[in-house]
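S.K.: quick one, what's the 3D model for this:
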Amino acid sequence: MRRVMPPFLLCLALAGCAQRAPAPSVGYLPADAFGGAVVGQDPATTAIDTATIAFAYPGTMQGHPERMALAIASLDAMAGQFSAGGRWMSMDWIVQQEMLEARDRVRAILGIPQGAPSQDVIDHLVAASHALDRGDQTGALAALSGPVFTKSPEETLAILAHFPRVPVANRATMDATQDFLPATSGGSNSMR
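M.R.: Numbers count the residues shown, from 1 in each chain. Modelled structure (predicted):
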């Protein structure tokens, strides 16, 4: 019986690996996402800071769809990147899952399908943000159209201008910020 058990357990373990969920979609913010506002800072730090502030203080985002679009693009990017490993291997698995859950919730509010490629979501939201910064509402509406969005561009823009509180995103970004800090400051990610 002892000889039969190890191969059986091995088969079970391998079957469990085959049933694993697909990796989450990963996207990256374009180099000019934050314009000239941030020079010499780690883009990941800027992205997580932007998302954390937006979801911790949603009142400051009211009437600023350009800022909210950039914050949501930042959340979308970091949720995928944190779960992809590499630099973020030491990040707490629970924080990674919280970020993915927050991304799903925020996408649902905007009418973005859960399966939409992260890079498409990021590119459209950053383009809308930049257009709004230039005062180009037509360009922003064009960026908020297409298969990435299920709501009309006008409706999506209105949601961005008055985005509701999202407690799961607030918690996830706060936890990610805490985990993101160097180990000397209490975070677990020392690969910074």
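S.K.: for residue 140, what are phi and psi?
M.R.: As for residue 140, its main-chain torsions (degrees, to the nearest 10) stand at phi -70, psi -40.
S.K.: so which strand or helix has the spatially most central residue of the chain?
M.R.: Note on the chain: the residue nearest the mean C-alpha position is residue 76, at 2.1 Å, using CA atoms, centre = their mean. Assigned by DSSP states H and E, residue 76 belongs to helix 65-83.
S.K.: show me which residues of the helix or strand following that helix are buried.
M.R.: For helix 65-83, the following helix or strand on the C-terminal side (DSSP H and E) is helix 93-110. For helix 93-110, the neighbour count (16 or more other CB atoms under 10 Å) marks 95, 96, 98, 99, 100, 102, 103, 106, 107, 109, 110 as buried. (C-beta placed from N, C-alpha, C; glycine too.)
S.K.: got the angle for helix 93-110 vs helix 65-83?
M.R.: If you take axes from the mean of the first three to the mean of the last three CA atoms, to 10 degrees, helix 93-110 sits at 140 degrees to helix 65-83.
S.K.: what mean pLDDT does helix 93-110 get?
M.R.: The predicted model gives helix 93-110 an average pLDDT of 97.
S.K.: swap in stretch 146-165?
M.R.: 97.
S.K.: one more: stretch 174-192?
M.R.: 61.
S.K.: returning to that earlier point: ok, the residue nearest to the centre of the chain to residue 134 distance?
M.R.: Computed as CB to CB, to the nearest Å, the residue 76 to residue 134 distance reads 22 Å.
S.K.: now swap in residue 126 and tell me
M.R.: Counting by CB to CB - residue 126 and residue 134 are separated by 13 Å.
S.K.: before we move on, what about residue 105?
M.R.: Following CB to CB, the distance that separates residue 105 from residue 134 is 30 Å.
S.K.: neighbours around the closest residue to residue 108 other than its chain neighbours, how many?
M.R.: Among residues not flanking residue 108 along the chain, residue 114 sits closest, at 7.6 Å (CB to CB, 6 or more residues apart in numbering). Neighbour count of residue 114, defined by other CB atoms under 10 Å: 10.
S.K.: which parts of the chain are helices?
M.R.: In the chain, the helices defined using DSSP state H lie at 5-18, 43-56, 65-83, 93-110, 118-133, 137-143, 153-161, 167-180.
S.K.: for residue 27, find the nearest of those.
M.R.: helix 118-133 (3.2 Å; CB to CB).
S.K.: quick one on the thing from earlier: so residue 126 and residue 134 - more neighbours on which side?
M.R.: Taking other CB under 10 Å, residue 126 and residue 134 do not tie; residue 126 has more neighbours (22 against 11).
S.K.: what sits against that one?
M.R.: By CB atoms under 8 Å, 6 or more residues apart in numbering, the contact set of residue 126 is 29, 30, 33, 69, 70, 73.
S.K.: quick one: pLDDT of it?
M.R.: pLDDT at residue 126 comes out at 98.
S.K.: gap between it and residue 64?
M.R.: Note on residue 126: its distance to residue 64, by CB to CB, is 15 Å.
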